[in-house]
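Trainee: Pasting a predicted model and its sequence here:
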Amino acid sequence: MDKPWLYTDNVCRFYRRKTAVVKAVDSVSLSIECGDFISLIGSSGSGKSTMLNLLAGLDRPTSGDIFFEDKSLSSMNRQELSSYRANKIGMVFQAFNLVPHLTAQMNVELALYFNGTPKSKRQFLSEQMLSQLGIADRSDHRPADLSGGEQQRVAIARALVKSPDILFADEPTGNLDEKNTNDIMTLLSELNKQGLTIIMVTHDLTLANNVSNKIMQMHYGQIVDQERKPNDLS
Amino acid sequence: MTFRDLIATATGNLWRMKLRSVLTFSGIVIAIAAFVAMLSFGAGMQLNIAEQFEKLGLLSVIQVYPKNAQETDSSAVAELNNAALEYIEKIPGVEIVYPFESLDLVIKLGDSETTVSAQALPSKAVETKLFSDLAAGELFTADSSRKVLISEDILAKLGIESADSILDKSVIISIKVAKIDSGVVSMLRPLSDIIQTRRKEMQSDTIRFVEYAQNAIREELGGALNRFIDGFMKNRETKAETLSVCGVFNSRRNGRLRLKDIILPVATARDFSSSGFTGNPTEILAELQTGNLFVANSNSPIKDYSQATVMMEQNALYEPIRDSIEAAGFRTFSFAEQFKEIRQFFRYFNLALGLIGIIALMTASLGIINTMIMSITERRREIGIWMSLGADMNDIRRLFLVESGLIGLIGAIGGVIFGYIISRVGSLVAKTFMENEGVPPMEIFHIPIWLVLTALLFGVLVSLLAGFYPANRAAKIDPVVSLRNE
């Protein structure tokens, strides 16, 4: 049987807090196939964001390993891991994390600084992406001048402009109202249908049920249920 | 991330924090300006001295002196006579060599007269840079010329106001000449009386005869010498010549090349001295000491000189010539050697000034460190965003280094411009002060290109060093922590 596209092998991420050891992620083994829309659900402090950071190569596991296209992330050096983040993945955060002093378009362009995209192409690609997400008219605005929904669209445009293989979304609708939440989830769903693999962290089970084809539930750093169908969750 | 992107991003970041950037630049500007102004003062002084040396041709001059008996290991002391001068002239690289011959004389123009010190020089010697800026007239061109050069200092004593008005005028130069025979006559005349007296005294005191005789001999020898010199001085004849003034030279001279007030062609001057001693009793004593008294005249090959001047050919190196002269048993003084020492002094002087500037720069660099650390604290989330987008630690480090380097570069450019302004203002003030003090104004500040480049380099280098710690700190920021929801 072929190995999965992205998988983890007994990944642990422990933190030391004075004398105590916090097991943020504890012996997690999961597998993700290309084209999946995975929702990582769980209560606050269950370790889902830490898991997302580990998969995104922003953090390194204390033990165990993560494999993407059969390459171990743990064995990658700093530059290789940066290259993985610059080329293979896109990230969307609950707090949008846009650079406040840059315009929407410059925020999107920023993602192309690190994957060798020539300057001449950057502007074209970022304008195109903002246009696809329906916020071309807001390209000259700074984040402070945009609504929450618009900011998250800019953040998604920034994540997608480099054509990543996987989109990691950490509570992407956590700061949005219902309408914007629905719009963003519709957008993510469409992107997934177009073939983009999405791994989303959320604590909203309904949201996860609506868009995901696989839901993994985390509790105290462990995946307690990863094969359950979305419709079976209650 | 390309270097161009880094520069653009860093410039944008500095522009965004204008006030903070300007304040940080100001520290560097002041430090670099102080560095440039201080070193330009050192460089200006050095240049002035070099120009003076070059203008007077001093770098191609070696002064030669005979050694004292104490200065030499061998029993024989090398004599600085005409034979020695001929030997020196043959040393490769030597253009001319001439002895220092001076004489005291009276110069008379119309009703005015004054006593001056004169010097005899060959025409070849006056054709050098030493007389390159005559105040008026021209040089004499032959050693036996009936012309004379006079210094500006003498003009007032002769009642002349402008240098041009004395040109081609005849002056009477007179000198007192003493002869050996007048001294001998003076010494011998009372001899018979003395002998008679001494004989009587010796008869009356035979008990302590030996001791008495020694005292008497010592006393008589001293007395004879005094009478000899007295005879020289009392019986001097006045010898006068009429010469015309061909040129007036600038009397501002430095160091050991100070010229006498009257410069006579060497052969013309020797006409005076060939008729006897023209100097004072010390000249006679010196000749007595060397045993040359009765043969001493200017044409004698064994006449000793107290000093000779060697002028080197253009581009000749002074060290081998100096070594050859010293090997012949003489003491030398070289302006090139002195200039080397002056340059060495200025090297330390500039180093000290530079160190003060560097201390100022280091103080300013603390401002850069402070600015960068504040900037990092404020931009933690931005750094996290960069890392989540694929920035490497090196990208972050380079961004902050470029920012601090830019602060240094812009500050250094501003500092060089400000330093230039300070030097111009300083120069203006100094020139006004010199003019008020009656000193010819000179440029005391000089900003050579090496100073500009060094200032820019130092500004950037110190800023980069200052930025190194903050940049490393920024590169070590954990993106997970900085992106965590607050």
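Mentor: In hand now; what should we look at? Numbering: from 1, shown residues only, chains lettered A, B, ... in the order given.
Trainee: CA only for contacts and neighbour counts going forward, please
Mentor: Noted.
Trainee: Residue B:193: neighbour count?
Mentor: 9 (other C-alpha atoms under 10 Å in any protein chain shown).
Trainee: mind checking which helix or strand it is in?
Mentor: Residue B:193 is part of helix B:191-204, with elements assigned from DSSP states H and E.
Trainee: The helix of greatest length in chain A - what's its average pLDDT?
Mentor: In chain A, with assignment by DSSP state H, the single longest helix is helix A:178-193. The predicted model assigns helix A:178-193 a mean pLDDT of 88.
Trainee: List of residues touching it?
Mentor: Where contact means C-alpha atoms under 8 Å, 6 or more residues apart in numbering or on different chains, the residues beyond helix A:178-193 that reach it are A:35-37, A:148-149, A:152-153, A:172-173, A:198, A:207, A:211.
Trainee: In chain B, which residue sits closest to chain A?
Mentor: Chain B approaches chain A most closely through residue B:390 (3.9 Å), counting by C-alpha to the nearest C-alpha.
Trainee: circling back: just give me the closest of the contacts of helix A:178-193 to residue A:134.
Mentor: Looking at those and their distance to residue A:134, the nearest is residue A:153, at 8.5 Å (C-alpha to C-alpha).
Trainee: How about chain A: which residue is closest to chain B?
Mentor: For chain A and chain B, the shortest gap (C-alpha to the nearest C-alpha) falls at residue A:86, measuring 3.9 Å.
Trainee: which other residues reach stretch B:472-486?
Mentor: The contact list for stretch B:472-486, computed with C-alpha under 8 Å, 6+ apart, reads A:53, A:58-59, A:94-95, A:97, B:376, B:380-381, B:383-385, B:387-388, B:393-394, B:396-397, B:400.
Trainee: quick check: mean pLDDT across it?
Mentor: Confidence for stretch B:472-486, expressed as mean pLDDT, is 84.
Trainee: quick one: the strands in the stretch 201-350 of chain B?
Mentor: Under the criterion DSSP state E, counting those that start in this stretch, the stretch 201-350 of chain B contains strands at B:237-249, B:262-265, B:308-312, B:330-334.
Trainee: so residue 85 is in which element?
Mentor: By default, I'm working from chain A. Counting by DSSP H and E, residue A:85 is part of helix A:78-87.
Trainee: actually chain B
Mentor: Using DSSP H and E, residue B:85 falls in helix B:82-89.
Trainee: Packing partners of that helix?
Mentor: strand B:94-99 (3 or more C-alpha pairs under 8 Å, 6 or more residues apart in numbering or on different chains; DSSP states H and E).
Trainee: What pairs with the strand it packs on, parallel or antiparallel?
Mentor: As defined by DSSP bridges, the strand partners of strand B:94-99 come to strand B:308-312 (antiparallel).
Trainee: who's in contact with residue A:154?
Mentor: When contacts are taken as C-alpha under 8 Å, 6+ apart, residue A:154 is in contact with A:104, A:107-108, A:130, A:135.
Trainee: and what of residue A:157?
Mentor: Applying C-alpha under 8 Å, 6+ apart as the definition, the contact partners of residue A:157 turn out to be A:108, A:126, A:129-130, A:133.
Trainee: Skipping its backbone neighbours, what lies nearest the residue of chain A closest to chain B in space?
Mentor: Setting aside the residues directly before and after it, residue A:86 is nearest to residue B:390 in space (C-alpha to C-alpha, 6 or more residues apart in numbering or on different chains), at 3.9 Å.
Trainee: My understanding was that the one you found contacts residue A:114; is that so?
Mentor: Yes - using C-alpha atoms under 8 Å, residue B:390 is in contact with residue A:114, at 5.7 Å.
Trainee: So between those two, which is more surrounded?
Mentor: When neighbours are counted by other C-alpha under 10 Å, residue B:390 comes out ahead of the other of residue B:390 and residue A:114, with 31 against 23.
Trainee: tell me the contacts of the more buried one?
Mentor: Contacts here follow C-alpha under 8 Å, 6+ apart; on that basis residue B:390 touches A:82-87, A:111, A:114-115.
Trainee: so it sits in a strand?
Mentor: No - counting by DSSP: H, G, I helix; E, B strand; the rest coil, residue B:390 is not found in a strand; it is coil.
Trainee: Report pLDDT for it.
Mentor: According to the model, residue B:390 scores 91 on pLDDT.
Trainee: hang on, the earlier thing: next SSE downstream of the longest helix of chain A?
Mentor: Next along the chain after helix A:178-193, with elements defined by DSSP H and E, is strand A:197-202.
Trainee: Run a quick neighbour tally on residue B:222.
Mentor: 12.
Trainee: Return the residues in contact with it.
Mentor: So, once contact is read as C-alpha under 8 Å, 6+ apart, residue B:222 ends up touching nothing.
Trainee: Kindly recompute the last result at 10 Å.
Mentor: Under the criterion of C-alpha atoms under 10 Å, 6 or more residues apart in numbering or on different chains, the contact list for residue B:222 reads B:216, B:228.
Trainee: Residue B:345 now?
Mentor: For residue B:345, the contact set (C-alpha under 10 Å, 6+ apart) comprises B:46, B:339, B:351.
Trainee: Among those residues, which ones lie close to chain A?
Mentor: When these are checked against chain A using C-alpha under 10 Å from any C-alpha of the partner chain, none falls in range.
Trainee: how about the strands of chain A, start to end?
Mentor: Remark: strands assigned in chain A by DSSP state E are A:6-17, A:20-28, A:31-32, A:37-41, A:63-68, A:71-72, A:89-93, A:166-170, A:197-202, A:214-219, A:222-225.
Trainee: Does anything pack onto the first one? Which helices or strands?
Mentor: Which is strand A:6-17. Packed against strand A:6-17 by the contact rule (3 or more C-alpha pairs under 10 Å, 6 or more residues apart in numbering or on different chains; DSSP states H and E) you find strand A:20-28, strand A:31-32, helix A:48-55, strand A:63-68, strand A:71-72.
Trainee: Go through the ones you listed and name the closest to residue B:196.
Mentor: Distances from residue B:196 to each of the helices and strands packed on strand A:6-17 were compared by C-alpha to C-alpha, and the smallest falls on strand A:20-28, at 128.6 Å.
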